[in-house]
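J.: what follows is a predicted protein model with its sequence.
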Amino acid sequence: MSAAHAAGSLPGTAEAPAAAGRDARSGTLRRAVGCFFLFTGGVHLGMVAADVEVYRHFADGSMLPFVRDGWTDVFMAHAVLWALLVMAGELAMGLLLLRGGAAAKVGWVGVIAFHVGLMLFGWGFWFWSIPVLAFLVWAARRDWPALGGAAPLRPAAVT
């Protein structure tokens, strides 16, 4: 008898239904985050269509001069283009998450990086980003094994 069989982790054992339930819930979380990013991509389209000047003061709260100056000099110089690129990025991350598999792994990394990047824009974004990042990291770690491919990196066991 193998160690896995003795531990009860083979399909058809008591642990298999619990693992299947976790996989289903993690897929639901992934799809919800994917749909949220599709929605926020649409919000950017609406903002561009309504008045691109709504982006003007987005970086005003940043403590980093290069972020404030870059926003004014780069983003706002071609605000329609950059806002549509942000929209395309959000749509892409949402679609990757909805696709599942290896694509979803790229989507998880993208949505986490997106929220880390938001924190450059000032303390107000930290109030949103910290709890969202806690949720996203938790959900991504939960979903990652169900997506196939290589297992997440784990510290080596000390023997």
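T.: Yep, it's here.

J.: helices of the protein, start to end?
T.: Assigned by DSSP state H, the helices in the chain fall at 3-7, 15-50, 65-70, 79-99, 101-118, 123-143.

J.: export these to CSV and tack on mean pLDDT and mean neighbour count?
T.: C-beta here means a position set from N, CA and C on the backbone, and glycine is covered the same way. What follows is the helices of the chain, written out as CSV (pLDDT from 0 to 100; neighbours: other Cβ atoms under 10 Å):
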stretch, mean pLDDT, mean neighbour count
helix 3-7, 45, 9
helix 15-50, 82, 15
helix 65-70, 97, 13
helix 79-99, 97, 18
helix 101-118, 96, 18
helix 123-143, 96, 15
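
J.: so which of those is nearest A59?
T.: helix 65-70 (5.0 Å; Cβ to Cβ).

J.: starting at the chain centroid, how far to the closest one?
T.: 25 Å (Cα atoms, centre = their mean, to the nearest Å).

J.: what sits up against that helix?
T.: By Cβ atoms under 8 Å, 6 or more residues apart in numbering, the residues outside helix 65-70 that reach it are 59-60, 62, 120-121.

J.: could I have it exported to PDB, CA atoms only?
T.: Output in PDB follows, covering the C-alpha atoms of helix 65-70 (Å, rounded to 0.1, in the frame of the first residue of the first chain):
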ATOM      1  CA  PRO A  65       7.300  63.200  -7.400                       C
ATOM      2  CA  PHE A  66       8.100  61.000 -10.400                       C
ATOM      3  CA  VAL A  67       4.600  59.500 -10.100                       C
ATOM      4  CA  ARG A  68       2.900  62.800 -10.000                       C
ATOM      5  CA  ASP A  69       5.100  64.300 -12.700                       C
ATOM      6  CA  GLY A  70       4.900  61.200 -14.900                       C
END
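
J.: distance of the nearest residue to V132 once chain neighbours are set aside relative to F39?
T.: Leaving aside its sequence neighbours, V132 sits nearest to H115 (Cβ to Cβ, 6 or more residues apart in numbering; 5.4 Å). Here H115 is placed at a distance of 15 Å from F39 (Cβ to Cβ, to the nearest Å).

J.: for L133, same thing?
T.: When L133 is compared with F39 (using Cβ to Cβ), they lie 19 Å apart.

J.: for the most centrally placed residue in the chain, give its distance to M63.
T.: With distances taken as Cα atoms, centre = their mean, the residue of the chain nearest its centroid is V111 (2.2 Å). Distance check for V111 against M63: by Cβ to Cβ, it reads 24 Å.
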